[in-house]
Structure formats: C-alpha cells, structure tokens
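S.K.: mind folding the following:
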Amino acid sequence: MKSPPTSSRAPRVADKQKLENQLCFALYSTLLGVNKVYRGLLREFDLTYPQYLVMLVLWERDQINVSEICEQLYLETTTLTPLLKRLETRGLISRRRSAEDERQVIVGLTEEGRALRQQLKHVPDCLGAAMGGSLDDVVELRDKLTKVRSKLFQAA
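M.R.: Just a heads-up that it's a prediction; the model follows:
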C-alpha cells in the first residue's frame with residue numbers, strides 16, 4: 001500500500017484516530033441512514049434495498065447477463081444469486097441460460113417487474129427530501145462520491 005501524500009496544510013482534526021474523525025465511519029453510518037430510509041420506502045413493496053438496486057439495473061437494461069449486474073453493483077455472484085432467486089420467486093424477474101453460452105444466465109423483467117418501476121418512481125425524490133437538500137445538493141454529493149469511489153478502486 002502506498003503511503004498517503006504529504007500536504008503542507010495543517011490537519012483539520014486534532015486526533016486522526018478518533019472515531020468521529022474517520023471518513024470511513026462517516027460514510028458507513030451515513031449508509032446506515034440511507035438504508036433505513038429505503039427500508040421504510042420499500043417495505044410496502046416487500047423489496048429490500050439490494051433488490052431495489054437490481055431492479056434499477058434491469059429497468060435500465062432488460063435481459064442482461066448476471067455478470068453484468070454484478071459488475072454494475074460491485075457484487076460477487078455469490079451475493080447476487082440469492083437476491084435474484086428471491087426476485088424470481090416474487091415474480092419480478094425470470095432467469096434463463098443463454099442460448100449462445102450455457103454458462104451465462106440472462107436475467108429479464110416480468111410484466112410485474114416492469115410495472116413495479118412506475119410504482120416506485122417516487123423513491124429517489126423521497127430520499128432527497130429525507131436528506132434535506134435540494135436536487136442540486138443531491139446531484140453534487142452523488143458526483144463527489146462517484147469520484148471518490150473511482151479513486152479508491154484505482155488505489156486498491
């Protein structure tokens with residue numbers, strides 16, 4: 001692992017090893033809050049947050065390979081497969097082997113899965129409202145986090 005770059009600026013925190021000064025804890029605990037909000041929004045649809053993410057991927061592109069879903073969601077197949085099984089049991093998706101390559105599994109939306117998109121169109125706005133910021137604030141934060149994620153994956 002590379003040493004962090006040195007800076008001529010003085011640190012803004014007195015004790016870098018205090019929990020409240022950790023970026024990782026700020027991100028982790030914020031994600032817990034995000035998950036709580038989503039849990040409330042998705043409960044009536046009997047959908048978990050990770051299942052919602054899978055549905056978002058499929059609403060963008062139906063009939064997609066499992067490995068492509070894994071790539072988009074930064075998940076391992078062993079994590080995604082149980083999610084897909086539950087969504088299939090619910091009647092929201094179907095899975096089938098690719099005719100071209102039997103090793104590949106193609107995931108597609110059912111009519112019920114497509115209809116769910118309309119029922120959940122309010123969710124992004126509700127999360128923004130729960131954050132107490134404007135749409136511009138939410139977009140700015142998302143863009144910053146996306147850049148941070150990209151840099152972290154490059155450094156890992």
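
S.K.: what is the mean pLDDT for stretch 34-49?
M.R.: Mean per-residue pLDDT for stretch 34-49: 96.

S.K.: then stretch 127-137?
M.R.: Averaged across stretch 127-137, the pLDDT comes to 89.

S.K.: and it, what's buried?
M.R.: By neighbour count with 16 or more other CB atoms under 10 Å, stretch 127-137 contains no buried residues. Bear in mind the C-beta positions are built from the backbone N, C-alpha and C, glycine included.

S.K.: quick one: end-to-end length of it, please.
M.R.: 12 Å (CA to CA, to the nearest Å).

S.K.: mind listing what the residue nearest the centre of the chain touches?
M.R.: By CA atoms, centre = their mean, the mean C-alpha position of the chain lies nearest to Leu53, the distance being 5.4 Å. Counting by CB atoms under 8 Å, 6 or more residues apart in numbering, Leu53 touches Leu73.

S.K.: what about it, which helix or strand?
M.R.: Taking DSSP states H and E as the definition, Leu53 sits inside helix 49-60.

S.K.: next one: that helix to chain centre, how far?
M.R.: Relative to its parent chain, helix 49-60 has a centroid offset of 8 Å by CA atoms, centre = their mean, to the nearest Å.

S.K.: repeat that for stretch 27-36.
M.R.: 12 Å.

S.K.: next one: stretch 129-149
M.R.: Worked out by CA atoms, centre = their mean, stretch 129-149 lies 14 Å from the chain centre.

S.K.: I'd guessed Asn65 sits against Gly108; true?
M.R.: No - in this structure, Asn65 is not within contact of Gly108 by CB atoms under 8 Å, at 10.8 Å.

S.K.: ok, back up a step: quick check: next helix or strand after the helix holding Leu53?
M.R.: Downstream of helix 49-60, the first helix or strand assigned by DSSP H and E is strand 64-65.

S.K.: so what are the sheet partners of that next one and their directions?
M.R.: strand 105-109 (antiparallel) (DSSP bridges).

S.K.: what is the burial count for Tyr38?
M.R.: 20 (other CB atoms under 10 Å).
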